[in-house]
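# Output the structure for:
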Amino acid sequence: MRNHKSNEEYEAIIRTHANAVYRLAYSYTRNQTDAEDVFQEVFLRYWKKKPDFESPEHAKAWFLKVTANCAKSFLTMPWRKYVELSEPDIIFNQPKENALDDALRKLPQYYREVIHLYYYEGYKTDEIAGILNRRPSTVRTQLTRARELLAKILQEESS
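Next up is the predicted model:
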């Protein structure tokens, strides 16, 4: 039997996970409008599927996994190759934050996603492996290489 949630329950789930979903979507798309499209798709899938979660951690992992999958699908849509990518439309108050965002943008997507899940969402490498369907050793290697490349980019930009 399908779980029938009230509108209040849906709204509570959306409020709980909205920031994490949006941040991850933005880390993929680097554009507010595209991140909003991914965000809407994620919550539409939630509404259609109506999954039951074992715990708050399970819910967060489900939302982040669906967000990663939706963002990857969005970025590979055929029409995207005909759209000129704009500069990011979020400007931070601190110059260091803007420099870090610029450096993160220069990383390959597979490095950006592990950096985001590790540092911004607080997941351990084994948990990231589950979300991204990768081996834990692959995630650890990507995290190490991402840190090295990020440090190199930041050093080059500061000199």
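# Only C-alpha atoms from now on, for both contacts and neighbour counts.
Will do.
# mind giving me the domain ranges of the chain?
Split into domains by automatic domain parsing, the chain comes to 1-90, 92-159.
# Could I get the ones you listed in a markdown table, plus columns for mean neighbour count and mean pLDDT?
Formatted as a markdown table, these follow (neighbours: other C-alpha atoms under 10 Å; pLDDT from 0 to 100):
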| stretch | mean neighbour count | mean pLDDT |
| --- | --- | --- |
| domain 1-90 | 15 | 82 |
| domain 92-159 | 16 | 85 |
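# quick one, what contacts Thr29?
For Thr29, the contacting residues are Ala35, Ala71, Leu75, by C-alpha atoms under 8 Å, 6 or more residues apart in numbering.
# and those, which of them are in helices?
Ala35, Ala71, Leu75 (DSSP state H).
# Could you single out the nearest of those residues to Tyr46?
Taking C-alpha to C-alpha as the measure, Tyr46 lies nearest Ala71 of the ones in helices among the contacts of Thr29, at 15.0 Å.
# where does Arg135 fall, phi/psi-wise?
Main-chain dihedrals, Arg135, degrees, to the nearest 10: phi -80, psi 150.
# Next: Thr76.
phi -100, psi 10.
# what's the distance between it and Thr138?
Thr76 sits 23 Å away from Thr138, taking C-alpha to C-alpha, to the nearest Å as the criterion.
# And Ile115, by the same measure?
13 Å.
# re earlier: export the ones in helices among the contacts of Thr29 as TSV, with columns for distance to Ala25.
Output for the ones in helices among the contacts of Thr29, formatted as TSV (distance: C-alpha to C-alpha, whole Å):
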residue	distance to Ala25
Ala35	5
Ala71	6
Leu75	11
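# Name the helix or strand for Gln40, please.
Per DSSP states H and E: Gln40 is located in helix 32-49.
# Which strands and helices lie in contact with that helix?
The contact analysis (3 or more C-alpha pairs under 8 Å, 6 or more residues apart in numbering; DSSP states H and E) places helix 32-49 against helix 7-29, helix 56-75.
# and the angle from the longest one to helix 32-49?
Looking back up the chat, that one is helix 7-29. Angle between the axes of helix 7-29 and helix 32-49 is 140 degrees (criterion: axes from the mean of the first three to the mean of the last three C-alpha atoms, to 10 degrees).
# Then the last one?
Per the same axes, to 10 degrees, the angle that helix 56-75 makes with helix 32-49 is 120 degrees.
# who's in contact with helix 56-75?
Contacts with helix 56-75, where a contact means C-alpha under 8 Å, 6+ apart, come from 17, 20-21, 24-25, 28-29, 38-39, 41-42, 53, 131-132.
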